[in-house]
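J.: Next one to model:
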Amino acid sequence: MGFALCDDEKLYLTKRKKIVANTLKNVLKLDRDLEDHEIPMIAITATGGGIRAMTSLYGTLAGLKKLNLLDCVSYITGTSGSTWSISKLYEDPNWSQKDLCPPIEDARRNVTKSKTCAITFDQLAFYQEELTTRAKMGYKTSFTDLWGLIIESMLYDSVNETRLSDQRKALANGQNPLPLYLAMNVKSNEFPTLDYKEWCEFSPYEVGLLKYGAFIRSEDFGSEFFMGKRTKALPESRICYLQGLWSNIFSINLMDAWYAAVSSDHFWNRFTTDNVVELAADALRKRRASAPGLSTRVHQPESAFNRTIRQILTNRPLDGEHHNFLRGLQMHKEYSKHDGFCAFDDSKLDSSPNNLTPSAEELCLVDCAYYINASFPPLLREERKVDLLLSFDYGLADKFSSVERTREYCVAHNLCFPNINVCEEEKQNPKECYYFTNCGSHVDPSIVHFPLVNDTFKEFKHPGVKRVTDQEKEDGNVRLDGFTSPYKLLRTSYSEEDFDKLVNLTAYNVENNVQTILKAFREAIECKQ
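T.: Modelled structure (predicted):
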């Protein structure tokens, strides 16, 4: 218990600082080594957005890698779809030190393949067997677990045996940024999401609820606890179950499609439609409440395919329910006055200790996009002392929602965050890059924000190199807006051309704005001198 960073993270940062300092000296062409107190804490933060976010982040990282800037970064955070690319990359302990073309090509192959492989009869039988086995082991299984298995089928060639704790190998020598994944704990049926939400952070070292300063080792997540003691140890889950948890907003649409499934011919068509519905909190709560009684809503055809679907759906809750590692703990009588608690308190129940998470039987963990599509919160912890945020928003609509809503949250909680001043004209015609900083502030972090836009990439295939041929001009035609965009939220497959365009666009936007990034690096150092 406590709000301090764990010893493993402190040791990692000691090693990473040396790499960051040396890289900054080289890219900024400094004439001397940086003193320890001058080394800025720089982080990458990415939004969600399904396959679009996953694909875009690969391009972003490729751009940073080409500029030799990845080794200036100490943290990388993601939510929803961006967690898929992050967790996949960290299977290689030295991924950021290598050419990113092979992992991008692997992603390309999986994104462009047909996703019917995820719903064959054999695959459905495998899902049922996996979920049944997990339940017998003592896990609280949910529809979110099924979604995780489907992600694995869509984005991997076979069963992926890696675990979150395995990613420690990628941090052993400080050779990569430390990955942080984000979810929210909610009360599934009692309150709308906006009325009760608590940030839950996942790292290769530990999993914890920020508001309480309560963390457990990542390999113990899913085990049973009481009064801070582990009472029943369960094997650490495969990473696909966490990928499902971090992105379970998509499982809503999947569940609807499976409700209506009467044959395999219609299923995938229903699931991959572009009819993206914004779910109101009350509607979502009603959906959750009805989830356990799924068998009453499913027709009962005789086919083995539909029988297997029905078995998977029956009596399985929608949200990701997990054993509560805070269960049985008592809140200190002055908990509500603690700075750490106040920094992330966000519930109407915060003044009622008996209604808070330590009194709950289980955690109900959901995708952060139900509230805000951003992954800033882990980087707002005072103990991390983040100086500069490289923000990548992969939304198609409001290009500034992630930073604006985070700013509102920070103002309400007295957390450090710069002003976000964007005029209406800029919002209608956004640029590739924005630099938000509170000049002279030695407390507020600065932000270099990259919305997902196709601006100068239409005319230039590389920074300063104009498109000439018809094919080059077509390569610059990335359709991000309108009903014809191939990058809609629920689209699970892209053509090879559309995948390449999105990767190249996001890489280009980084490369084309390198001077803004370097300026932010220099000023971050100056603020610490």
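J.: got any ranges where the stretch 351-500 of the chain has weak pLDDT?
T.: In the predicted model of the stretch 351-500 of the chain, residues 351-359, 440-441 satisfy pLDDT under 70.
J.: Roughly how far does Leu64 sit from Trp199?
T.: Applying C-beta to C-beta, to the nearest Å, the value for Leu64 to Trp199 is 26 Å. All C-beta spots, glycine's among them, are computed from the backbone N, C-alpha and C.
J.: Surely Trp199 touches Gly208?
T.: No - in this structure, Trp199 is not within contact of Gly208 by C-beta atoms under 8 Å, at 9.4 Å.
J.: ok, those two, which is more surrounded?
T.: Gly208 (24 against 21; other C-beta atoms under 10 Å).
J.: And the one helix or strand Lys25 maps to, what does it pack against?
T.: Following DSSP states H and E, one finds Lys25 within helix 7-27. Applying 3 or more C-beta pairs under 8 Å, 6 or more residues apart in numbering; DSSP states H and E, we find helix 7-27 packed against strand 178-185, helix 514-528.
J.: angle of the next helix or strand after that helix against strand 178-185?
T.: Reading on from helix 7-27 to the C-terminus, the next helix or strand found by DSSP H and E is strand 42-46. Angle of strand 42-46 versus strand 178-185, following axes from the mean of the first three to the mean of the last three C-alpha atoms, to 10 degrees, is 50 degrees.
J.: packing partners for strand 42-46?
T.: helix 50-66, strand 75-78, strand 388-393.
J.: Could you measure from the nearest residue to Leu380 once chain neighbours are set aside over to Lys466?
T.: Take Leu380 and drop its neighbours on the chain: the residue closest to it by C-beta to C-beta, 6 or more residues apart in numbering is Leu415, 5.1 Å away. To Lys466, Leu415 is 44 Å away according to C-beta to C-beta.
J.: more crowded one of these two?
T.: More neighbours surround Leu415 than the other of Leu415 and Lys466, with 19 against 11 (other C-beta under 10 Å).
J.: Next one: the residue most central in space within the chain from Glu426, what distance?
T.: The centre of the chain sits closest to Thr79, judged by C-alpha atoms, centre = their mean, with a distance of 1.4 Å. For Thr79, the distance to Glu426 equals 25 Å [C-beta to C-beta].
J.: Tell me which of the helices and strands packed on helix 7-27 sits nearest to Asp145.
T.: In terms of C-beta to C-beta, the element of these nearest to Asp145 is strand 178-185, at 14.0 Å.
J.: for the following helix or strand past the closest one, packing partners?
T.: Following strand 178-185 in sequence order, the next helix or strand is strand 198-202 (DSSP H and E). If you count contacts as 3+ C-beta pairs under 8 Å, 6+ apart, strand 198-202 packs onto strand 178-185, strand 206-209.
J.: The first one pairs with which strands, parallel or anti?
T.: In its sheet, strand 178-185 lies beside strand 75-78 (parallel), strand 198-202 (antiparallel), strand 362-366 (antiparallel), with partners assigned from DSSP bridges.
J.: what's the answer for the shortest one, then?
T.: Partner strands for strand 206-209, per DSSP bridges, with pairing direction: strand 198-202 (antiparallel), strand 214-217 (antiparallel).
J.: chain center to the last one, what's the gap?
T.: Relative to the centre of its chain, strand 214-217 is centred 19 Å away, using C-alpha atoms, centre = their mean, to the nearest Å.
J.: Check which helices and strands the next helix-or-strand element following that strand sits against.
T.: Sequence order places strand 224-226 as the next helix or strand after strand 214-217, per DSSP H and E. Here strand 224-226 touches strand 229-232, going by 3+ C-beta pairs under 8 Å, 6+ apart.
J.: Buried residues, the strand it packs on. List them.
T.: Counting neighbours by 16 or more other C-beta atoms under 10 Å, one finds that strand 229-232 has no buried residues.
J.: That strand packs against which elements?
T.: Using 3+ C-beta pairs under 8 Å, 6+ apart: strand 229-232 touches strand 224-226.
J.: Pull out the buried residues from the strand it packs on.
T.: For strand 224-226, the neighbour count (16+ other C-beta under 10 Å) marks 224-225 as buried.
J.: Kind regards, and thank you for your time.
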